[in-house]
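J.: Sequence plus predicted model, see below.
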Amino acid sequence: MANDGGARMRDRILVTGGGGVVGGAIVRALLAQGHTVRSFSRGDHRWLRELGVETVRGDVADLAAVESAAAGCDAVVHAAAKADITVDPAPFITTNVVGTANVIAACRRRDVGRLVFTSTPSVVHDGRPIEGADESLPYATRFEAAYPATKARAEQLVLAANDDDLATVALRPHLVWGPGDEQLTGRIIARARAGRLRLVDHGHAVVDATYIDDAAAAHLLALTALASAAGRRAVGGGALFIASGHPLPIATLINGVLGAAGLPAERRSVPFPVAHAAGVLCEALWRATRRRTEPPMTRVLARQLATSHWFDLTAARRDLGYRPSVAPDDGFERLAAALRGR
């Protein structure tokens, strides 16, 4: 049974990053609930206009543009982020930290009462295994990449902003995947087709990923929670882990995606020390040559492929009524159908 999440009817919701995979899924879910949606993103997304979404082009680093986009809105879902594995930290700071500060300021200046922030479990991952941990896990004190470091700072800004005038909550969907996703799903498929995909330590590390529909549903549930006094008390100023509730070996996830794409399972593997050393070398080379593309391996990617990380979803179930509806096998079937259709 699918989640029956949603904010109050007839709300006007601003979604930053509405043209992205997560943002786009949230937009579709909001429209299905009868809300009026405004998207704010840098690109021009005709498909959003075709859905009846008001689209505004702009950069979250531009406070005036964000403030203008937030005018007249009841709530904001801040899904815009720089989330790749490039090595230059400056764009991550500009988009993830400055951009989030601008969203908070725009909410205050335009009297927006609710803010749901799309965060990541990477903010607590210090490189060691995480198995069934809950939200009491502290922020990591050391990061090997700009993305988790800047998302941690952005999340802290959002949670600190929670007060009587602006109710805030951060969601940490883990390894979002599904049709249209290029961060995880697309990378797996592209690397396999190019012959560059390898497991690390045979893919034995256990992870709990999040199908895109469940990630979107969690955001609607968060909007609903912040709309009530009881919900604000329960989740306001807090962060919640979101996932499928089905931890599985990362090799199973990778090969499920490959199977959905009609590709053979990946059996080749490299040891973690080799993958990590490759990450160190790639990062150094990319910095030295000032490349803006993604390196084939990074230290963080090596650790994520070799380290178990899955989380206790009790708080999201209790405080949001979150019920993940897409188990991995169901997700693989949906992905296969979407890829065949494309």
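T.: Cool, got the structure. Numbering: from 1, shown residues only.

J.: any idea how far the residue lying closest to Ala149 once chain neighbours are set aside is from Gly127?
T.: Closest residue to Ala149 apart from its sequence neighbours, by C-beta to C-beta, 6 or more residues apart in numbering: Phe143 at 3.9 Å. From N, CA and C alone the C-beta is placed, and that goes for glycine too. Counting by C-beta to C-beta, to the nearest Å, the gap from Phe143 to Gly127 is 9 Å.

J.: Name the single longest helix found in this structure.
T.: helix 272-288 (DSSP state H).

J.: gap between that helix and the chain center?
T.: Chain-centre distance of helix 272-288: 25 Å, with C-alpha atoms, centre = their mean, to the nearest Å.

J.: For it, give the mean pLDDT please.
T.: For helix 272-288, the mean pLDDT works out to 93.

J.: ok, residues contacting that helix?
T.: Residues from elsewhere that reach helix 272-288 (C-beta atoms under 8 Å, 6 or more residues apart in numbering): 86-88, 198, 200-201, 291, 293, 295-303, 305-306.

J.: Make a ChimeraX selection of whichever of those residues turn out to be buried.
T.: Per 16 or more other C-beta atoms under 10 Å, the buried members of the contacts of helix 272-288 correspond to this ChimeraX selection:
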select :86,87,198,200,201,295,297,298,299,300,301,302,303,305,306
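
J.: Which of the contacts of helix 272-288 fall within strands?
T.: Those of these mapping onto strands are Val200, per DSSP state E.

J.: what's the nearest residue to Ala215 if we skip its chain neighbours?
T.: In space, Ala215 is closest to Pro173, 4.2 Å off (C-beta to C-beta, 6+ apart).

J.: Settle this for me: the one you found is touching Ile242, isn't it.
T.: Yes: in this structure, Pro173 is within contact of Ile242 by C-beta atoms under 8 Å, at 4.2 Å.

J.: shared neighbours of those two, which are they?
T.: Common neighbours of Pro173 and Ile242 (C-beta under 8 Å, 6+ apart) are 210, 214-215, 218.

J.: Out of those residues, the closest to Arg28 would be?
T.: Ala215 (11.9 Å; C-beta to C-beta).

J.: Could you point out the helix or strand that follows the helix or strand encompassing the closest one?
T.: Per DSSP states H and E, Ala215 falls inside helix 212-226. Once helix 212-226 ends, the next helix or strand along the chain (criterion: DSSP H and E) is helix 229-235.

J.: Can you tell me what sits against that following helix?
T.: In contact with helix 229-235 (C-beta under 8 Å, 6+ apart) are residues 167, 169, 222, 224-226, 319-320.

J.: among those, who's most crowded?
T.: Ala222 (32 neighbours; other C-beta atoms under 10 Å).

J.: List the residues that contact it.
T.: Contacts for Ala222 were tallied using C-beta under 8 Å, 6+ apart; they are 116, 169, 171, 235, 240, 320.

J.: Now with 10 Å, please.
T.: 5, 7, 75, 77, 114-118, 167-171, 231, 235, 240, 242, 316, 319-320, 322 (C-beta atoms under 10 Å, 6 or more residues apart in numbering).

J.: Please list only the buried members of the residues you listed.
T.: Counted by 16+ other C-beta under 10 Å, the contacts of Ala222 give 5, 7, 75, 77, 114-118, 167-171, 231, 235, 240, 242, 316, 319-320, 322 as buried.

J.: From those residues, which land in strands?
T.: Using DSSP E, the buried ones among the contacts of Ala222 in strands are 75, 77, 114-118, 167-171, 240, 242.
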